[in-house]
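Visitor: no FASTA, just this:
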């Protein structure tokens, strides 16, 4: 629900603010679209007249999530997802900022399309939306885009979506050129030749871990050569984590994300070839999944993202080998991640850091913090409320969730964007 912008006091909450290494009880005062204060003992006394006071006893207040990788259909594929529907889903999932991908029609590879995205999102969405622009023209991997102009127009990073740039010279030039603009290159590391006709993890229809590791290893050498800023879009396996650790230990300016799917599911969850779990990259082994969880807990992996990719029933309810890859995730990223908190594998502050504070830092976006004068993009979480996901109740236009009928413990009860409540669990 979208309400007025009167002051709000979130009282008696557990405050989680990784930007200040804070996990304590206290209150958050919001007014004029920003956080005025977040500490113990604000109380109701002295707050502005007309303040809405919300008792958050037993709940967590944290910075809103920033999702670094989500496909939104506009322009060209509004039947899959619009900015309006994506933002409703995001708000219900505790996401206050969506970073949308450039693989639209037309591709986001020029300033005019970036401007269209920003204006369209401003007019129709209830959360913040920022575009990543294409790294190469038409996402063909042949000629880099005008990175400086696109960044000036509002692109927050550069990627070819789920396409890998296989021409090493093109990638080298892009990293070099982007360095001069302090622009972040986000790369999907998957060699299409090693993927071949594969549709799932290595086996009869196999996509080997090497398809990811080979590209990542090449990219690390190019980063060392150029000094560019580099972010691996979606790592999935132990071999990649070893490469990432070596690069970080060598002082390279590299970071990485993992999708919520690879963090909480493995290849066995596919079961009788459930196409809603056909993903790119594919789900890996349980050993790989546990390594990814440990990497998030240690900070080796910097960010957790939804990899939201809505697909029609017509392209999902097909034999596994023929079905399209992708799953929605805006509404389930936080509930799924909370499974790791309840199991004791990742603490809540580290999780919020990877889903909010660190993405804000990487993309130079406001948010990701409860510091005074930060944007009032804030969520309230009930960690213990039990619920079962009903796909029919999801706000995304497509319902291709890998978590249909899943049992969760914990969800967002209120999402505030720019000081306004845009979602409230009723």
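Guide: Arrived safely, thanks for sending. What you see is a predicted model, and the numbers here were worked out from it, not measured in a lab.
Visitor: who touches the closest residue to residue 307 other than its chain neighbours in this structure?
Guide: Spatial nearest neighbour of residue 307, chain neighbours left out: residue 259 (3.9 Å); criterion: C-beta to C-beta, 6 or more residues apart in numbering. Backbone N, C-alpha and C define where each C-beta goes, glycine included. By C-beta atoms under 8 Å, 6 or more residues apart in numbering, the residues touching residue 259 are 69, 234, 279, 304-307, 329.
Visitor: cool, and residue 404?
Guide: So residue 404 contacts 276, 389, 391 (C-beta under 8 Å, 6+ apart).
Visitor: cool, and residue 222?
Guide: Per C-beta under 8 Å, 6+ apart, neighbours of residue 222: 168, 171-172, 175, 228.
Visitor: which of the contacts of residue 404 lies closest to residue 157?
Guide: residue 276 (28.0 Å; C-beta to C-beta).
Visitor: give me the three-state assignment for the closest one.
Guide: Counting by DSSP: H, G, I helix; E, B strand; the rest coil, the backbone at residue 276 sits in helix.
Visitor: quick one: it from residue 402, how far?
Guide: The gap separating residue 276 from residue 402 is 5 Å, by C-beta to C-beta, to the nearest Å.
Visitor: which of the two has more residues huddled nearby?
Guide: residue 402 (23 against 20; other C-beta atoms under 10 Å).
Visitor: output the below-cut-off pLDDT ranges for this protein.
Guide: Where the chain drops to pLDDT under 70, the residues are 1-4, 196-206.
Visitor: report the residue ranges of every domain in it.
Guide: With domains defined by automatic domain parsing, the chain comprises 8-61+374-424, 64-363.
Visitor: please identify the most buried of the ones you listed.
Guide: Highest mean neighbour count among those (mean count of other C-beta atoms under 10 Å): domain 64-363, with a mean of 21.
Visitor: coming back round to it: ok, what's across the strand from the residue nearest to residue 307?
Guide: residue 305 (DSSP bridges).
Visitor: re earlier: tell me which two of the contacts of residue 259 sit farthest apart.
Guide: Among those, 279 and 304 lie farthest apart (C-beta to C-beta), at 15.1 Å.
Visitor: any idea what residue 407 is bridged to?
Guide: Going by DSSP bridges, residue 407 forms beta bridges with residue 388.
Visitor: need phi/psi at residue 374.
Guide: As for residue 374, its main-chain torsions (degrees, to the nearest 10) stand at phi -70, psi 160.
Visitor: repeat that for residue 52.
Guide: Residue 52 adopts backbone torsions of phi -80, psi 120, taken as degrees, to the nearest 10.
Visitor: do a quick rundown of the strands in the stretch 51-200 of the chain.
Guide: Here the stretch 51-200 of the chain has its strands, by DSSP state E, counting those that start in this stretch, at 52-55, 60-63, 65-70, 95-100, 128-131, 133-134, 158-159, 184-187, 200-201.
Visitor: go ahead and confirm residue 405 touches residue 387.
Guide: No - between residue 405 and residue 387 there is no contact under C-beta atoms under 8 Å: 11.3 Å.
Visitor: in the stretch 301-426 of the chain, which spans are strands?
Guide: Taking DSSP E, counting those that start in this stretch to define them, one finds strands in the stretch 301-426 of the chain at 303-305, 378-388, 407-417, 420-424.
Visitor: quick check: closest non-adjacent residue to residue 48.
Guide: residue 7 (4.6 Å).
Visitor: ok, residue 141 next?
Guide: residue 165 (4.6 Å).
Visitor: next one: that neighbour from residue 215, what distance?
Guide: 9 Å.
Visitor: now do residue 256
Guide: Counting by C-beta to C-beta - residue 256 and residue 215 are separated by 13 Å.
Visitor: same check on residue 406?
Guide: 32 Å.
Visitor: same thing with residue 295?
Guide: 18 Å.
Visitor: likewise for residue 414?
Guide: 41 Å.
Visitor: same question, residue 264
Guide: Taking C-beta to C-beta, one finds residue 264 at 24 Å from residue 215.
Visitor: ditto for residue 195
Guide: For residue 195 relative to residue 215 (C-beta to C-beta), the value is 11 Å.
Visitor: in the stretch 301-426 of the chain, which spans are helices?
Guide: Secondary structure of the stretch 301-426 of the chain (DSSP state H, counting those that start in this stretch): helices at 313-316, 333-342, 348-352, 358-363.
Visitor: now the end-to-end length of stretch 123-134.
Guide: Counting by C-alpha to C-alpha, to the nearest Å, you get 23 Å between the two ends of stretch 123-134.
Visitor: which residues does residue 212 contact?
Guide: Contacts of residue 212 (C-beta under 8 Å, 6+ apart): 189-191, 235-237, 239-240, 281.
Visitor: which one of those residues is nearest to residue 42?
Guide: Scanning the contacts of residue 212 for proximity to residue 42, where the rule is C-beta to C-beta, the winner is residue 235, at 40.6 Å.
Visitor: what sits closest to the closest one if chain neighbours are left out?
Guide: Per C-beta to C-beta, 6+ apart, closest to residue 235 is residue 256, 5.1 Å.
Visitor: equivalent analysis for residue 300, please.
Guide: Leaving aside its sequence neighbours, residue 300 sits nearest to residue 245 (C-beta to C-beta, 6+ apart; 6.0 Å).
Visitor: can you give me the distance of that neighbour to residue 235?
Guide: 11 Å.
Visitor: check residue 421 too.
Guide: Residue 421 is 35 Å from residue 235, by C-beta to C-beta.
Visitor: check residue 348 too.
Guide: Applying C-beta to C-beta to residue 348 and residue 235 gives a distance of 22 Å.
Visitor: same question, residue 51
Guide: Taking C-beta to C-beta, one finds residue 51 at 44 Å from residue 235.
Visitor: next one: residue 299
Guide: Distance from residue 299 to residue 235, by C-beta to C-beta: 14 Å.
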